[in-house]
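Colleague: Whatever this is, show me its structure:
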Amino acid sequence: MRLANGKHMMRLFTVLILFFITISCKKNNQTSIVPGDYAGTFTRISGTKDSSDAIRMNFSGDRFSGTGDIPGFPGICEGSFRIDGDSIGFGNDCMVPEDYKNSTILYGEYRQNIHGDSVIFSRTIGDFVYEADFYRLKKQ
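Modeller: You can find the predicted model right below:
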């Protein structure tokens, strides 16, 4: 069995810290996203590599739409969403690949934290924390 180098272990430790900070944030009673325009960042953490992009989203009723500065990264497009406790589920009206969890398409279940005018969605991919996606948005 090959031992991971120190750099990879530090990266894994950082991902774990970010994940636990996201899920352990103080729970609040706010369970809905305030409708309107939001701007922020999308970050995909994968092994020893981070990829980020500036994004813009709009929430209205149970619908969302959005774009990023880099076409297709992440694939936000438009669709519906539902909030259930500290989870948010996205249904995307655009083409969603069969292996969507390994893509950057906004689709499926995410942990969410809504605090005032800020929203964070996150998910980890794989049985271990190999990859993680973070959407950090602030109402405009």
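
Colleague: switch to C-alpha atoms for all contacts and neighbour counts from now on
Modeller: Fine.

Colleague: Would you state the helices of this protein in chain order?
Modeller: Here the chain has its helices, by DSSP state H, at 6-24.

Colleague: any idea how far residue 41 is from residue 98?
Modeller: 25 Å (C-alpha to C-alpha, to the nearest Å).

Colleague: is residue 138 in a bridge, and if so with what?
Modeller: The bridge-partner assignment for residue 138, based on DSSP bridges, gives residue 39, residue 118.

Colleague: next one: residue 83
Modeller: residue 88.

Colleague: Of residue 41 and residue 98, which one has the most company?
Modeller: Under the criterion of other C-alpha atoms under 10 Å, the comparison of residue 41 against residue 98 puts residue 41 first, with 18 against 8.

Colleague: what's the spacing between the more buried one and residue 127?
Modeller: Taking C-alpha to C-alpha as the measure, residue 41 falls 25 Å from residue 127.

Colleague: What of residue 92?
Modeller: From residue 92 to residue 127 the distance is 24 Å (C-alpha to C-alpha).

Colleague: I'm done for today, thanks for sticking with me.
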